[in-house]
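Peer 1: whatever this is, show me its structure:
(one chain, ligands or ions: 1)
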Amino acid sequence: MKKIETYELNDGSSLPKIGFGTVNIQGAIGVNSILTAIEAGYRVIDTSTNYMNEGVVGEAIRRSSVPREELIISSKLPGMAHDYDKAIKMIQESLYRLGIDYFDKYLIHWPLPKQGKYDQAWQALVDAQKFGLIKTIGVSNFLEEHLNTIIDKTGVTPATNQIERHPYFNNNELVETNKKLGILTEVWSPFGREINDVIEHKTIAEIAKKYNKSATQVILRWNLKNGVMPIVKSSSYKHQKANLDVFDFELSQEDIDTIDGLDKGEPGRVEGQHPNEYEEFG
Ligand SMILES: NC(=O)c1ccc[n+]([C@@H]2O[C@H](COP(=O)([O-])OP(=O)(O)OC[C@H]3O[C@@H](n4cnc5c(N)ncnc54)[C@H](OP(=O)(O)O)[C@@H]3O)[C@@H](O)[C@H]2O)c1
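Peer 2: Residues are numbered from 1 along each chain as shown. Prediction:
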């Protein structure tokens, strides 16, 4: 099995260019999906307290024949724990749920600016990293103003920012902002999730045909060309493997521009999840 190419991060570490997403991956079937993903070659496993599956990820880690130190386990702080003290306890609680003693990566899930405590939450991640509970710290769904606030307050720039990005909402401005600040963009819902028809789009199908690849492979390649890291979810071993088979072709600039042209702006977002408006469930 070929190793996935990597990106260098601003904290000196590196990450495989594609990660495995675990939304809706739960229970015994979920453990099996994560095990097949590891078998297919994924090393980054992206979970969150909000996904209610940190226990499932922990079980897969224990059952996998791949050693713990070769896996890159990433979780996310929920909005109910943005207070500094609660955040420190939540990070420890998540580690206990997973049955591991450090996170390779840990993110603040949403900025929740109406709550106004994401700066405290960021300070907690900065300190938890110093205590050795987390190796790489980052954020998710942070806009430029949220990034500037935490950097100004703590002097620490997140290593990654995980944001929505797919052909109907390419989020290119925020990708550029991340780049300017030296932050790697992680991409969530690269296929626009199952409620969307992104992967059935005629234009993408035509491009895919030219390269003898599938629509999902073309979308992943479009992301890699932009220097971002897609987090891909699939319960199917066949799809899991196909989604890693993207390192042997390049899209032309014309095809990249065509996919960029499918952007619908704000209405293209999945479920209207604007980071300034989104309120977490739970
Ligand atoms: N930070 C955040 O706020 C945030 C928000 C949303 C998601 N995320 C993360 O990002 C990950 C990915 O996002 P997502 O799960 O929302 O959606 P997604 O990856 O855009 O789409 C997943 C859907 O695509 C299908 N699929 C995958 N590979 C395929 C292939 N090769 N051919 C056909 N269909 C394929 C999957 O079906 P099968 O299972 O049948 O293959 C599933 O229905 C999540 O799992 C999560 O880890 C983070």
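
Peer 1: show the contacting residues for Arg43.
Peer 2: Shown in contact with Arg43 (C-beta atoms under 8 Å, 6 or more residues apart in numbering): 4, 16, 66, 70-72. Placement of C-beta: from N, CA and C, glycine included.

Peer 1: switch the cut-off to 10 Å
Peer 2: By C-beta atoms under 10 Å, 6 or more residues apart in numbering, Arg43 lies in contact with 3-4, 6, 15-16, 18-20, 37, 66, 70-73, 104.

Peer 1: from Gly19, how far out is it?
Peer 2: Noted for Arg43: a distance of 8 Å to Gly19, by C-beta to C-beta, to the nearest Å.

Peer 1: same question, Met80
Peer 2: In terms of C-beta to C-beta, Met80 sits 25 Å off from Gly19.

Peer 1: now, the contacts of Arg43 that are in helices?
Peer 2: Judged by DSSP state H, the contacts of Arg43 include Ala37 as members of helices.

Peer 1: tell me the residues of the stretch 151-282 of the chain that contact the ligand?
Peer 2: 162, 188-194, 199, 216, 231-236, 239, 242-243 (C-beta under 6 Å from any ligand atom).

Peer 1: restricted to strands, list those residues.
Peer 2: In this view, these that belong to strands under DSSP state E are 162, 188, 231-232.

Peer 1: the protein: strands as residue ranges?
Peer 2: So, for the chain - with DSSP E - the strands run 6-8, 14-16, 19-21, 44-46, 72-77, 103-108, 134-140, 160-164, 184-188, 229-232.

Peer 1: which of the ones you listed sits closest to Ser94?
Peer 2: strand 72-77 (5.1 Å; C-beta to C-beta).

Peer 1: adjacent strands (with direction) for the closest one?
Peer 2: Strand 72-77 pairs in its sheet with strand 44-46 (parallel), strand 103-108 (parallel), by DSSP bridges.

Peer 1: sorry, back to before: overlap of the contact sets of Arg43 and Gly19?
Peer 2: Both Arg43 and Gly19 are in contact with 4, 37, 72, where contact means C-beta under 10 Å, 6+ apart.

Peer 1: top of these by neighbour count?
Peer 2: The most crowded member of the shared contacts of Arg43 and Gly19, judged by other C-beta atoms under 10 Å, is Ala37 (30 neighbours).

Peer 1: and the residues of the stretch 151-282 of the chain next to the ligand, which of them are buried?
Peer 2: 162, 188-193, 199, 216, 231-235, 239, 242-243 (16 or more other C-beta atoms under 10 Å).

Peer 1: my guess is Leu224 contacts Asn243, does it?
Peer 2: No - using C-beta atoms under 10 Å, Leu224 makes no contact with Asn243, being 11.7 Å away.

Peer 1: between these two, which contacts overlap?
Peer 2: With C-beta under 10 Å, 6+ apart as the test, Leu224 and Asn243 both reach 18, 230.

Peer 1: I am finished for the moment; much appreciated.
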